[in-house]
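[1] model this:
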Amino acid sequence: MNTKYIRPYLFILLFLAFPLLLIPVIKAVNNNFLKESQEAQNITDTISKSNNTYGLVIHGGAGYIKKGMFTAEQEAKYKAKLYEALQTGISKLNTGDSAVNVVVVVINILEDSPLFNAGKGAVFTHNGKNELDASIMDGKTKNAGAVAGVTTIKNPITAAYAVMENSEHVFLSGKGAEQFAKAQHLDIVSPKYFFTQARWNSLQKVLNKEKNNAEKHGTVGCVVLDKYGNLAAGTSTGGMTNKKYGRIGDSPVIGAGTYADNNTCAVSATGHGEYFIRYNVTYDISARMKYLHQNIVTASSDVINELKKIGGDGGVICIDKNGNINMPFNTAGMFRGYCIKGEEPHVLLYE
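    Below you'll find the predicted structure:
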């Protein structure tokens, strides 16, 4: 047979058959595209759901806090103030307020109460003064602000926020911090504002060498996840009863008493500050999540348990980027509470 006449027909047949050969390829590409689109949609849904979860956790200090050491009336007062702080915080989050703003508002409530060792209820130093410390950190920007050893600023957490937002610094102390607060038009009060009889009596007991373990609690803190997926943390304290030499604890130290990172979690600490500083407690929790891929419960619980083994008493409150929380402590009790979107506030005092 003369192939000279067959070649044109083969070419025509191949030309006509080529689209049919492409059909499986087109289907495969199309299916792969649909699969990738679905996966992208699933990722979008996950992010959306994650960002739609928000809430806050607070603490009012850890220490020798046992059932029976407070009267029913005292318990009711502590619970009421913690509930007030939580309800205010969640209402702010519901209306779209930012994590850092909620931290300030919530801690202001606790600072203005004489029940806690922060602001109005700060304990006295050996010299009979009130010296206050506070810090705040924004998990989105990693910006932070802190003040230490202040005696005339009504709300130290507000001053810490002003340092973060309105200065090139992170940490101001003493008279310089107070000067800055005045320039920022913050509320400045007489040192007498911080006097409470209960805290004064506690100092006298310590000075008389009467052991008073109950005074180990009182520092306040707040961690927040807002509806935009941003984290923030803040801590405020009056320090330790009978402290000397201008001692500063962990509360105003970023990475020790306060830390926030949108990639991991927000943490606020309370306890024996020297240990929290030496072991970088709040940052350590975030680092374990970031580098060891631990969850918030494992990371924070392990750190607090390890701290106990070397003599460090205290606890932390944590919330991660997905709204999971943990409130571990190694003392007899810790005043604490939390409220997640769509839930009622929960307050706990004892172990």
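[2] what domains does the record give for this protein?
    1-51, 54-350 (automatic domain parsing).
[3] quick one: the nearest residue to Asn242 once chain neighbours are set aside and Val316, what's the gap?
    Among residues not flanking Asn242 along the chain, Val206 sits closest, at 4.4 Å (CB to CB, 6 or more residues apart in numbering). From N, CA and C alone the C-beta is placed, and that goes for glycine too. Separation of Val206 from Val316 (CB to CB, to the nearest Å): 26 Å.
[4] who has more neighbours, these two?
    When neighbours are counted by other CB atoms under 10 Å, Val206 and Val316 differ, and Val316 comes out ahead with 33 against 18.
[5] Just to check, the more buried one is in contact with Val281?
    Yes - counting by CB atoms under 8 Å, Val281 is a contact partner of Val316 at 6.8 Å.
[6] Next, show the common contact partners of the two.
    Residues touching both Val316 and Val281 (CB atoms under 8 Å, 6 or more residues apart in numbering) are 267, 269, 303.
[7] which residue ranges form the strands in the stretch 201-350 of the chain?
    Along the stretch 201-350 of the chain, counting by DSSP state E, counting those that start in this stretch, strands occupy 220-225, 231-237, 258-260, 265-271, 314-320, 325-326, 333-340, 346-350.
[8] and if you look at the stretch 51-200 of the chain?
    Taking DSSP E, counting those that start in this stretch as the criterion, the stretch 51-200 of the chain carries its strands at 55-63, 132-138, 144-150, 171-173.
[9] Now do the first one: distance to the chain's middle.
    Here strand 55-63 shows a centroid-to-chain-centroid distance of 9 Å under the convention CA atoms, centre = their mean, to the nearest Å.
[10] Who are the packing partners of that strand?
    helix 72-94, helix 99-111, strand 220-225, strand 265-271, strand 314-320, strand 333-340 (3 or more CB pairs under 8 Å, 6 or more residues apart in numbering; DSSP states H and E).
[11] I'd like the ones you listed as a markdown table, with distance to Ala162 appended.
    A markdown table is the format used below for the helices and strands packed on strand 55-63 (distance: least, CB to CB, whole Å):
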| stretch | distance to Ala162 |
| --- | --- |
| helix 72-94 | 19 |
| helix 99-111 | 10 |
| strand 220-225 | 17 |
| strand 265-271 | 19 |
| strand 314-320 | 24 |
| strand 333-340 | 27 |
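[12] got CSV for these, with mean pLDDT too?
    Formatted as CSV, those follow (pLDDT from 0 to 100):
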stretch, mean pLDDT
helix 72-94, 97
helix 99-111, 98
strand 220-225, 98
strand 265-271, 97
strand 314-320, 98
strand 333-340, 96
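[13] Thr141: which of these is closest?
    For Thr141, the closest of the helices and strands packed on strand 55-63 is helix 99-111, at 9.2 Å, according to CB to CB.
[14] Tell me the buried residues in the closest one?
    Buried residues in helix 99-111, defined by neighbour count with 16 or more other CB atoms under 10 Å: 99-100, 102-111.
[15] All good on my end, thank you.
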